[in-house]
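Student: got a sequence here, can you build the structure:
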Amino acid sequence: MNGADVPPLVELRGVEKVYGTGEAQVRALDGLDLAIRRGEFVAVMGPSGSGKSTAMNVIGYLDTPTGGEYLFDGVPVQSVTRQQRTLLRRTFLGFVFQGYNLLSRNTALENVELPLTYRGVGGHRRRELAQRALRRVGLAGREKHLPSQLSGGQQQRVAIARAIVTNPALLLADEPTGNLDTAKARDIMNLLVALNRDDGITVVMVTHEAEMAAYCQRRIHIVDGRIEAADAGGSHAA
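Tutor: Residues are numbered from 1 along each chain as shown. Sure thing, here's the model as predicted:
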């Protein structure tokens, strides 16, 4: 699915991101060029302050570049309005974070339903899709559990179910195993590999852990806001 004949789903062309002015100015991205093809599983790595999280925020429409061009599926993102960016984010993207970001007073099912609620999906259909997503991540029977009644690994599975319930083209995962022990982290990585391989979801994951990056098909190393190196994934890659 990631052959040379497939056009990029995500393409950054000379993207710059500058925060602050004068002596306080910080150049988080410095002419970043990056292409991610549909169906890839890519790890974005780099030291603290390298720009990897800023790149993720730009790709996810959470931040806008200071310069350069961002194309999503061939469409220049900076040419659309803020409202259109919000619509694009809800329609095509799913997000998974290190801290799960679940609503503590809501059940697993209600947490997964949330993106569908924003879309105006009716109650019956919303529950059906949320139950299907929970089954997909191995949590059938946990629909009525609150986050406090679930392990860290199970909470992250709920977060992944919430991210995929809208059938996104692109899943953005920011340190998704950072709060988990090694065994649970491997379970989550195997799940992400399966979603990429079997469901065709393009996955971009920010991580500082080489063992987790080894599950990806390709690893991109960012230093000082630019790509320093790129290589194929390790022994776990699908």
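Student: wait, doesn't R142 sit right on A108?
Tutor: Yes: taking contacts as Cβ atoms under 8 Å, R142 lies within contact range of A108: 5.4 Å. Any C-beta I mention is one placed from the backbone N, CA and C, and that applies to glycine too.
Student: any residues in contact with both of these two?
Tutor: Applying Cβ atoms under 8 Å, 6 or more residues apart in numbering, one finds that R142 and A108 are jointly contacted by L134, L150, V158.
Student: next, count neighbours for the nearest residue in space to the last one that is not next to it in sequence.
Tutor: Once its chain neighbours are removed from consideration, V158 has its nearest residue in A108; the separation is 4.8 Å (Cβ to Cβ, 6 or more residues apart in numbering). A108 sits with 28 neighbouring residues when counted by other Cβ atoms under 10 Å.
Student: and the pLDDT for A108?
Tutor: In this model, A108 is scored at 98, pLDDT.
Student: phi, psi of it?
Tutor: The phi/psi pair for A108 (degrees, to the nearest 10) reads phi -60, psi -40.
Student: distance of it relative to G138?
Tutor: 12 Å (Cβ to Cβ, to the nearest Å).
Student: same deal with Y118?
Tutor: In terms of Cβ to Cβ, Y118 sits 25 Å off from G138.
Student: higher neighbour count, the two?
Tutor: G138 (16 against 11).
Student: which SS state does the more buried one fall under?
Tutor: coil (DSSP: H, G, I helix; E, B strand; the rest coil).
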